[in-house]
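A.B. asks: Next input, structure requested:
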Amino acid sequence: MKKLIVLLGMAFLTLPLFAQDLEVPVPQQPQYDCIVADNPRAIIDEYITNNDKVALLCKAAQLHGEANPGLSMGIICGVDVINKINQIGTNQKDYKLISNVVDSPLDGLIFVTGFTPGNDQLVMHPNDLYQFTIIDKNGDGWQYESTAQNKAFINAALTDELNVAEQAIHLLDFDCNQVFEVTPISGNTGYLKYWK
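C.D. replies: Alright, predicted model coming up:
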């Protein structure tokens, strides 16, 4: 019996030496590819590159629970943000989203940009302004505000003949500058407090 216990003990002690040689099996199904990829957001990035806002809406609706015009507003804004960041050639991780909005557009924007509270890229700053600010450590970025003029345009474009999901899809046809007033920000040190 003592020999068996000693042998089991030796096997247990040597297990960690061999554990590094063991490979953890990864499910061989395509839907899991993004988990093991260098960029888990590769599919979302591809949708953005291809300007496939309908695919983004379908995926964002899974997060949000429904497709609606507000979600589409966030998707339109998010695609614009990521395209601007890519044009400059900077990294998405160098930016934060300061949101004054706490409803549907925020979920669309979070889904498309990946700026979340968990990765410390989302700062909630609710107030009466309907705007998002995307800012880097130098105080450079963009402000997206839905003005009365933008809201009037959206209300005129989305007729009651369309159901909510159809309105969401229809809104994706519009340019970001029709849905938001976009203002570049340069060297605004007032936002630097969010980088501490």
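A.B. asks: Which stretches in the protein count as strands?
C.D. replies: Under the criterion DSSP state E, the chain carries strands at the ranges 95-99, 122-124, 131-136, 141-145, 181-185.
A.B. asks: of those strands, which approaches F115 most closely?
C.D. replies: The minimum distance between F115 and the strands of the chain falls on strand 95-99, with 3.9 Å, by Cβ to Cβ. C-beta coordinates here come from the backbone N, C-alpha and C atoms, glycine included.
A.B. asks: Buried residues in that closest one, which are they?
C.D. replies: Within strand 95-99, the residues that count as buried by 16 or more other Cβ atoms under 10 Å are 95-99.
A.B. asks: Quickly name whichever of these is closest to Q167.
C.D. replies: Ranking those by separation from Q167, with Cβ to Cβ as the measure, puts S99 on top at 22.6 Å.
A.B. asks: Does that closest one have any beta-bridge partners, and if so which?
C.D. replies: Beta bridges link S99 to M124, F132 when assigned by DSSP bridges.
A.B. asks: residues contacting it?
C.D. replies: Contact criterion Cβ atoms under 8 Å, 6 or more residues apart in numbering gives 106, 109, 122-126, 132-133 as the residues in contact with S99.
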